[in-house]
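Asker: predicted model follows, preceded by the sequence.
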Amino acid sequence: MVVVGSSWASPLYNSPDSEVAELIITVSKRIRIDAAHFLPEYDGPCKNVHGHSWIIEVGVKGPVKKNGMVMDFKDLGKFLDRIEKKFDHTLINDTIKNPTAENIIKYIEKESFDYLELPLEFIRTWETPDSCAEWRAD
């Protein structure tokens, strides 16, 4: 079905020549790391050393700049490369005392201040394909 003469207008396409600098967009990037951890403060099997194929995803939000980007994916990738080098094929407990998915998020958020031009909008850490912790800036 085609609607002609619709009364609504898209904020993205008001005019082919219009500036979209006011448009706020979230861009994200993710990495996969293989790392071991144990949860010393947990009463259960995760108290023992075990490993995961973690997915770590971060996003930033901001206005679209004149170059058409919020942030270059390459720059977001450089930050994630630092996280990957720190944790991939390691025992995460060597860096974070109680490395729950939530505490890994806290570590990543703290590290981001020195390396990103925009503050993080969200961080997700996936321990398994169906178990994730998420932080969002509010």
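Answerer: Alright, I've got the coordinates.
Asker: so what's the closest residue in space to A101 that isn't next to it in sequence up against?
Answerer: The shortest distance from A101 to any non-neighbouring residue, by Cβ to Cβ, 6 or more residues apart in numbering, is to A133 (3.7 Å). Where you see a C-beta, it was placed from the backbone N, CA and C, and this is true even at glycine. By Cβ atoms under 8 Å, 6 or more residues apart in numbering, the contact list for A133 reads 100-102, 104-105, 124-125, 127.
Asker: okay, those in CSV with pLDDT, distance to S28 and secondary structure next?
Answerer: Listed next are the contacts of A133 as CSV, based on pLDDT from 0 to 100; distance: Cβ to Cβ, whole Å; DSSP: H, G, I helix; E, B strand; the rest coil:
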residue, pLDDT, distance to S28, secondary structure
T100, 97, 22, coil
A101, 97, 17, helix
E102, 98, 19, helix
I104, 98, 17, helix
I105, 98, 14, helix
R124, 98, 9, strand
T125, 98, 13, strand
E127, 96, 18, strand
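Asker: could you turn the buried ones of these into a PyMOL selection?
Answerer: To isolate the buried ones among the contacts of A133 in PyMOL, judged by 16 or more other Cβ atoms under 10 Å, type:
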select buried, resi 100+101+104+105+124+125+127
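Asker: what is the nearest of the contacts of A133 to V27?
Answerer: R124 (14.1 Å; Cβ to Cβ).
Asker: what's the burial count for the residue nearest to F113 when sequence neighbours are not counted?
Answerer: Closest residue to F113 apart from its sequence neighbours, by Cβ to Cβ, 6+ apart: P119 at 8.0 Å. Residue neighbour count, defined by other Cβ atoms under 10 Å, stands at 12 for P119.
Asker: quick revisit: quick check: the farthest pair among the contacts of A133?
Answerer: T100 and R124 (13.9 Å).
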